[in-house]
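>>> structure for the following, please:
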Amino acid sequence: MRKSRTPGSVRGVSGNGYPYRDIQCIFYLGAYMFMINLFLYHFQLL
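Okay, here's the model as predicted:
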């Protein structure tokens, strides 16, 4: 991991220092798991 003092806009890093891509991946993964859990729960009720 390189040390660079450049603020934001490098590699899509937000002001907090978290990459947008990681947040998007976590968000999509959470939504995907939520849909699967919802589907399985609905399937159990049948």
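>>> OK, contacts around residue 30?
Neighbour list for residue 30: empty [criterion: Cβ atoms under 8 Å, 6 or more residues apart in numbering]. For every residue, glycine as well, the C-beta is placed using N, CA and C.
>>> in which helix or strand does it reside?
Here residue 30, judged by DSSP states H and E, is contained in helix 20-45.
>>> what about the protein, any weak spots by pLDDT?
Along the chain, the model assigns pLDDT under 70 to residues 1-19, 46.
>>> the same query, at a cut-off of 90, please.
By pLDDT under 90, the low-scoring segments of the chain are 1-26, 41-46.
>>> for the helix holding residue 30, buried residues please.
Residues of helix 20-45 include none that count as buried (16 or more other Cβ atoms under 10 Å).
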